[in-house]
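Engineer: how does the following fold in three dimensions:
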Amino acid sequence: MKKNLILVVVLLVLAGVAGVIYFKSHTSTIADEPLTDFAIQDTAQVTKVIITDHLGQKATLERVPGQRLWKLNDKYLAREDAVSLMLKTFNRISIRGNVSDSSRDNMLKLLASSSKRIEIFTGSDEPAKIWYVGVATPDHTGTVMLLEIPGIGRSEEPYITHMEGFTGFLSTRFFTNEMEWRYTGIFEFPHLEVSRVKMVNHMIPADSWEVRFAGGNNLELYGCDPMGFCNQKVERFDTVAVKNQLILFKKVHVESFSTMLSTAQCDSLRAAQPAYTLSVTDNNGQTTSIDLHLKIAAKPMEDDYGNIIPFDLDYFWAKTQDGEIAMAQSFNFGPLLNPIGKFLPVR
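Structural biologist: Here you go, the predicted structure:
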């Protein structure tokens, strides 16, 4: 009995040792290799990212010291949400496993011909790390990638990567389309740092208004003439309703600058009379404005009385003060277009 017990203990010890050896032999090849360390531990150190696709299209994103928004291609601001997701991916990426021997050569060919190259800079003129982002795994829960570290070299092995806490593939987070990366904010006044807000209804000028704001409940409301001059002071109005209207301007974005319109169609919109004009003057005297144009519906609808509604109820065409055309959701902009009667006492 004693001999059997000793034998069992010895077998258990040997099994444990074998397990440790096996585990180390199968993990050290990944964990101990510098060319498997895709992650950026401190993303606050990332100063620039260059994304290049297999067609040669490129997006360059640069951190602006002291600013919340990054710079895109040295001419636009970049979407905060997209940059944040990219940085989160840099930090939380890890290797899920090796590419199988049977698919290794094919994956290397795909990475060489159709991957996205992600250059990650941390202050130096040379990138700290370069990712080659390939295809998704068949179950769409991993992404085939390869790492290069300047001064060390490029990995000869592709790996399957994923991100902790996320199920899916990572390649869609890295794109080169400038309009997809572009920041879509039009009005952004989180602390209501505005002095004037104006809504001109070009179709019904009598519905137009201007609010002059000096903080707190220091509000003045003005009606406008058909030319858009707002000097008709309103003596009695609902201050709560007007203040609530101002609050809507704290954060307003268009949906996208990718409109799929031709150059001729954009030029036609620029030359056309808008349906509405919104403008906000901040406390420094700088005015931001946008024109909204009614968008012809792809499929006209009927109202409750059988009348045809020829315009899209979900979208406007928008023209910025720089003359750029964008798509604007009625969900975001519709509430900004309340007529002046909304703020007046019921008679």
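
Engineer: mind giving me the domain split of this protein?
Structural biologist: Domain ranges of the chain: 34-181, 187-343, per automatic domain parsing.

Engineer: show me where pLDDT drops low in this structure?
Structural biologist: 1-34, 347 (pLDDT under 70).

Engineer: sorry, back to before: format the domains of the chain as JSON lines; extra columns: mean neighbour count.
Structural biologist: C-beta coordinates here come from the backbone N, C-alpha and C atoms, glycine included. Formatted as JSON lines, the domains of the chain follow (neighbours: other C-beta atoms under 10 Å):
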{"stretch": "domain 34-181", "mean neighbour count": "16"}
{"stretch": "domain 187-343", "mean neighbour count": "15"}
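
Engineer: off-centre distance for the longest strand along the chain?
Structural biologist: When the chain is parsed with DSSP state E, its longest strand is strand 287-302. The chain centroid and the centroid of strand 287-302 are separated by 23 Å under C-alpha atoms, centre = their mean, to the nearest Å.

Engineer: just checking, what packs against the helix or strand following that strand?
Structural biologist: Next helix or strand after strand 287-302 toward the C-terminus (DSSP states H and E): strand 308-320. Contact partners of strand 308-320 among helices and strands, from 3 or more C-beta pairs under 8 Å, 6 or more residues apart in numbering; DSSP states H and E: helix 263-271, strand 287-302, strand 325-329, helix 330-333.

Engineer: so how far is stretch 329-346 off the chain centroid?
Structural biologist: Between the centre of stretch 329-346 and the centre of its chain there are 28 Å (C-alpha atoms, centre = their mean).

Engineer: which outside residues touch that stretch?
Structural biologist: Here stretch 329-346 makes contact (C-beta atoms under 8 Å, 6 or more residues apart in numbering) with 199, 201, 204, 206-209, 221, 223, 234, 236-238, 241-242, 245, 248-249, 252-255, 276, 278, 292, 312-316, 318.

Engineer: hmm, try it at 7 Å
Structural biologist: Residues outside stretch 329-346 that contact it (C-beta atoms under 7 Å, 6 or more residues apart in numbering): 199, 201, 207-209, 221, 223, 236-238, 241-242, 245, 248, 252-253, 255, 276, 278, 292, 313-316.

Engineer: which of those residues fall in helices?
Structural biologist: Those of the contacts of stretch 329-346 mapping onto helices are 241-242, 245, per DSSP state H.

Engineer: from these, which is closest to V83?
Structural biologist: Q245 (31.2 Å; C-beta to C-beta).

Engineer: report the contact partners of that closest one.
Structural biologist: Q245 neighbours (C-beta under 7 Å, 6+ apart): N338.
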